[in-house]
Each structure stands twice: as C-alpha cells, then as structure tokens.
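Asks: got a sequence here, can you build the structure:
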Amino acid sequence: MSLIPRRGAAQPADGMHVRDLQRPAGNGRRVALLALAAYCCLSAAVFGRQALGDVRHVVEGFGASPEYYGRDQSFYVWSLAWAARSVTHSANLFLTNAVFAPVGYNLAWAASIPGPALLMTPVTLVLGAVTSYNILALAAPATAAWTAFLLCRHLAGKAPAAFAGGLLFGFGTYESAEMVNHLSLALVALLPLAALLVLRRHARLTSRRRFIIALGLVLALQLWTASEVFASMVIFGVLAFLIGAVLAGRGHWPHIRATAAETLGALVLALLLGLPYLYYALRYPNALGAINGVDGGADLANFLIPTQVTWLHGVGGAAAAADLKANITEQLAYVGLPLLLLLGSYTIELRRSVLGRCLLAFMLAAVLASLGGHLFVDGHTSGVPLPWSLAGRLPLVRFAIPGRFIVYAWLAAAIALSCWLARPSRTLPRWGAFAVVAVSLTPNLVGVPWGTRVDAPPLLADHSQLARYVPVGSTALALPFGIAGNSMFWQVEADFRIRLAGGYVSLSVPSAYHRYIHVIRALEAGPFSKKTAHELCAFIRFTGARVILLRNGAPGTLHDLLDSVGLRAQHAGGFSIYQLTPSASSGGRRACG
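Replies: This is a model prediction of the structure:
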C-alpha cells in the first residue's frame, strides 16, 4: 500500500464530507518526493551545518547548558553502538552490564531508541555511531515535516498549503527544541503517519487488513523508538476518537466505531510486536521508579515568549525567557502572537465544519494537558490544579512529562494552517500572514551552536595503550561522573573494552547506587567533605573499579578528592590515571586511610 497517490489521483478532503475543503488534484508521488527533498535540504541547512562538516567527530545539537554540551547525545551515540554490539556479539539489547557496574541498567526504561538503533546497525558498523546519530538527527525534522505534509495534503487538498503545514510541524518550536539533544523525542514522523492511516481508513480508501497491518507496524515502530511518545499516542488517539464521536454527529458514528475497533486491532498487533520491549520494561528493575512527571508541564508564558532556539530570542526575548520554567529542551510551547491570530482566523472561518470543530477541540485539549498538573506562569506556580494532576496517581502514566504533549497541538496547528491557506478567497493575504508566522518561528541560526565536537581522548582510541592501564573487561570509574562527563562517548571509543562504574543513561541511577548519592554528587565535581572521602572508598569497593580515569581539564575539586584518599596519578592520553591497588579497592589504609 502506498500513501503517496499516483499522479492525477484525487483524495477526499477528510472523510467527513466537509464542504469547506477541496479535494487534491494532480498531487502525485513526484510532488511528495520533491517535498521530502526540500525538507531534507532545509534540515541540513538549519541544523546540520556544523555536523555535516565532520560527521564522524561532531554531533548535531548541543547541551541544555554550557556545562553539559553534548552529554545527552553521548547516550544516544552509545545506544546506537550498543545495538550494533547486540547484533555482532549477541549482547542483550535491553539489559546491559557495561555501565553502572556491578548492577547494570535496564535500557527499556531509558531513551535508548532500540528500533532506530537496530535499523541503523549497518551504518553504525561501517561509518560509526556518531555518523549514525547525525543521520537520524537530521532526518528527524525532515521526515516529521514530510509525513505532516502527506496528512495536510489529504485534508487540505493543495500541495503548497500542505507544504506550509509540514514546515510548521517539522521546523516549529517543538522540533527545534528537541533537536537540541532529545533525539528520541525529535523522531515524531510516525505521529502524522498514524493519523493519516486512520483518516484514510475512515474514508474507506484502505482495506481493513492493510490498515490494521500498516497502523500496527507504525505503532510498533513508535514503541521501539520512544515508549513515552507511544503511550501519549494512545492517550491522544483515544481523545481524538472521542472528540470525533461527539462533534461529528450520529450519522458518522457507525464509521467511527468501526474505525476505532480496527485501530484497537492495530494496537494489539503493535503490542505483540513490542513484547520483547515490554517484557524487559515490566519484568526487570526500573531506575525511574521514584519519578513523577505530573508537574513537568509547559509554562503558560512560554506560548508568547521565544526561547533560545528561535531567532526572536535574540531581539528581546532573552530576558523574558530566562524566567521560564524548565530548561531549553522542555520549553516547547512558543507559538507566538502571529500564529495565534492565524489560528483564531481559522476558528472563525471554519467553525461550522466538522474538521474545524474537531481540530479546535483537540488542540485545546492538548494544550490543557501540556500544562501539567498545576499551572505555572513565568516560572512560578500559581497553585491552580489542572486535570492532568489526576495522572500522578496512575501507574506508568505518571512517568510522562506533560509539557511534551504540546507536539499534538503543533500537529493540529499544522493541519489548521494548511486548511486555512487552502481556502479559495484572499489568497495573497493568507500567504502574507503565513510568511509572518514563518519568520516569527524561524530557528535560531547564529545564536546557538547546532553542533558539538565529540570528546575522544587519544588513550581510548589506542586500544593497546589502553590495555596497559585498564585490563580488557575490567571496570573503570570515569570522571567527571555521569552527566558532568563524557564517559559514554569514551566507552564507545574504547569499543566497550572497559566497563563503567556509573555512566549517564538518564537523570536517575539504579537503586543500588542511591546509597552513594553524596559521593556521586562529589564525583560530578560538587563539594565534598572528609565523610565524602571515606564514602568514596566504599563506593570503589561496591563498583569493583580497577582504575580511575580523570579527564584532563576536569575541575580541581576532583583532583583534591582523589588526593584526599591517598591516590596518586599517572598521565597518559588525555587522562590522569589512578591505579586502584588491592588495598585501595578493598579499603586498605594505604589508599583510603
């Protein structure tokens, strides 16, 4: 089944007989492929200028703060390398003991993108994990825009208007912010594709069997890409069906019920295809167990205040954005006044159409859910409880970060924009208004670094020299620890010849590491006391580390901490290397007295 109609084939506007919308005419595969090529070129020009200059040593994006540039990318690169290793060495894709020795980590509860990582394994093996990361990252906005284009063209009927809708979804604030360092959340091309499949089936343009198989595969791939997005797809999919049933009228209920039942069948198929993922997620320990994301909602002020990823941030928005809740990668809601006015015009013009009412209701529901459990305004909580606060009591759902639900409002806005532009009257003023919207949402091309050089110390690339200091298969404590360092990159450079005492997989560490949390904070270059120095010895014994690798240029507090327990360094290949003698690893007085 092809989702790109043949040349000259016409598609119904929305399957609901909406009079205001026109049927596509003459939009074929060629136009769709040209749109994809245009989106790819735009992604390369906007986000890939640094990375494409050296795809094997520079990763697309940057960090949420100067101290942590590239650290999230390090885990995604590691995940790509680990998936390739699971293929070539029969390693477990989800349970790894390569990090957080000796207990390991359950990657089913991390943003490990197992599906894309497995698909990219041939590229990873030939060109390296950094190159694979860059290909996926630069494909994310282009493919999101393209599938949104296909969806918008199905509903609006005109390719230029659909192209504009694709631009809004693929290069709007949500995608620009997630391109900073959240690859799993930037890969959202399957959301419009799932909606398109459902609409085509509702209009009876696809057979039942093909629909269930196609949607089941799409949902399964989303589960294997980001389980958080998969879960939200289910939630907002149910919401969309409910809104359609309420607003479409009784005449559409039989079709809606039938499509909903078939969609449920596709969901069951997706869950069957996702059984390995679900098994490890539910059967083995979850390091995120103590997290509750209910108050991780969007800041209401963010809808009007541009953040660092938007060029307007540099012309008056910087001071205002500094007070917003959360960091740059969670400030996803800026739509700006021009787009709000355009959506208001859409609401007035298409208020009588089924699609117009459904889109508006869905958009408002997505915005409300994205605000989280309590209303935050300009960085401060108002104390006003919101409907999502009820989710904090639900299993699994409570892990979701509601601010990320705004992606569904962006998709609805893209559809509304394309339908509004496709209207036959006042064509030039409409496109003029879109130009203003596009300018107001243009990503920041000069104010942020859209590329980060990988930290690859010489010691790790020279495997024979590395073996002199760290025996193959032994455990190393790489510092700075966790998110404050680049240990995940280093392990990939070492081709997994060493295990890590720690690592950076998420903001949470395994429960067995919790008792050493004060030591961990000190190893992230935080302050330490005499008690910390004593606890460091216990932490070393717990991990079984044979050596400490302290990166050159690390904060002096780390040198002071290691000196305080009697450890002395050698220097090689970009590291201060502290060999842990038997007395050190067993708590003897020579090194830990």
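Asks: can you list the buried residues in stretch 126-141?
Replies: 128-141 (16 or more other C-beta atoms under 10 Å). In this view, the C-beta of every residue, glycine as well, is placed from N, C-alpha and C.
Asks: need the CA coordinates for it. CSV is fine.
Replies: Extracted C-alpha coordinates of stretch 126-141, given in CSV (Å, rounded to 0.1, in the frame of the first residue of the first chain):
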residue,chain,number,x,y,z
VAL,A,126,30.6,0.8,8.7
LEU,A,127,30.7,4.6,9.5
GLY,A,128,30.5,4.7,13.2
ALA,A,129,27.9,5.5,15.8
VAL,A,130,28.4,9.3,15.6
THR,A,131,27.6,9.3,11.9
SER,A,132,24.5,7.2,12.5
TYR,A,133,23.4,9.7,15.2
ASN,A,134,23.8,12.6,12.8
ILE,A,135,21.9,10.8,10.0
LEU,A,136,19.0,10.1,12.4
ALA,A,137,19.1,13.6,13.9
LEU,A,138,19.0,15.4,10.6
ALA,A,139,16.3,13.1,9.3
ALA,A,140,14.0,13.8,12.3
PRO,A,141,12.7,17.3,11.3
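Asks: ok, which stretches of the stretch 401-550 of the chain are strands?
Replies: Under the criterion DSSP state E, counting those that start in this stretch, the stretch 401-550 of the chain contains strands at 451-453, 475-479, 499-500, 547-551.
Asks: summarise which helices and strands the shortest one is packed against.
Replies: Secondary structure elements in contact with strand 499-500, counted by 3 or more C-beta pairs under 8 Å, 6 or more residues apart in numbering; DSSP states H and E, are strand 475-479, helix 487-493.
Asks: ok, which of those comes nearest Lys325?
Replies: helix 487-493 (27.9 Å; C-beta to C-beta).
Asks: distance from the closest one to the middle of the chain?
Replies: Computed by C-alpha atoms, centre = their mean, to the nearest Å, the chain-centroid distance of helix 487-493 equals 21 Å.
Asks: so what touches it?
Replies: With C-beta atoms under 8 Å, 6 or more residues apart in numbering as the test, helix 487-493 has contacts from 70, 74-75, 77-78, 81, 98-99, 129, 454-457, 460-461, 478, 481, 498, 500, 502-504, 549.
Asks: how about 6 Å then?
Replies: Residues from elsewhere that reach helix 487-493, judged by C-beta atoms under 6 Å, 6 or more residues apart in numbering: 74-75, 78, 81, 129, 454-456, 460-461, 478, 500, 503-504.
Asks: ok so, going back, nearest to Phe211, out of the helices and strands packed on strand 499-500?
Replies: Taking those one by one with C-beta to C-beta, helix 487-493 is closest: 40.3 Å.
Asks: using CSV, write down the CA coordinates of the closest one.
Replies: Extracted in CSV, the C-alpha atoms of helix 487-493 (Å, rounded to 0.1, in the frame of the first residue of the first chain):
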residue,chain,number,x,y,z
SER,A,487,32.1,8.6,29.9
MET,A,488,29.5,7.2,27.4
PHE,A,489,31.4,8.6,24.5
TRP,A,490,34.7,7.2,25.9
GLN,A,491,33.3,3.7,26.3
VAL,A,492,32.2,3.8,22.6
GLU,A,493,35.7,5.0,21.6
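Asks: please produce JSON lines containing the strands of the stretch 401-550 of the chain, extended by distance to Arg49, mean pLDDT and mean neighbour count.
Replies: Formatted as JSON lines, those follow (distance: least, C-beta to C-beta, whole Å; pLDDT from 0 to 100; neighbours: other C-beta atoms under 10 Å):
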{"stretch": "strand 451-453", "distance to Arg49": "7", "mean pLDDT": "89", "mean neighbour count": "18"}
{"stretch": "strand 475-479", "distance to Arg49": "31", "mean pLDDT": "95", "mean neighbour count": "27"}
{"stretch": "strand 499-500", "distance to Arg49": "32", "mean pLDDT": "96", "mean neighbour count": "26"}
{"stretch": "strand 547-551", "distance to Arg49": "28", "mean pLDDT": "94", "mean neighbour count": "23"}
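Asks: quick one: the residue nearest in space to the middle of the chain and Leu343, what's the gap?
Replies: What sits nearest the mean C-alpha location of the chain, by C-alpha atoms, centre = their mean, is Leu185, with 1.9 Å. Using C-beta to C-beta, to the nearest Å, Leu185 is found at 23 Å from Leu343.
Asks: so which strand or helix has Ile577?
Replies: strand 575-579 (DSSP states H and E).
Asks: name every strand pairing with that strand and say which way it goes.
Replies: strand 547-551 (antiparallel), strand 570-572 (antiparallel) (DSSP bridges).
Asks: where does the stretch 201-350 of the chain dip in pLDDT?
Replies: Along the stretch 201-350 of the chain, the parts satisfying pLDDT under 70 run over 289-290, 314-322.
Asks: same check, this time on the chain
Replies: 1-27, 63-70, 289-290, 314-322, 392, 395, 581-593.
Asks: which segments of it make up each domain?
Replies: 29-52+135-285+292-441, 458-592 (automatic domain parsing).
Asks: got TSV for those domains, with distance to Val87 too?
Replies: Shown next, in TSV, are these (distance: least, C-beta to C-beta, whole Å):
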stretch	distance to Val87
domain 29-52+135-285+292-441	14
domain 458-592	13
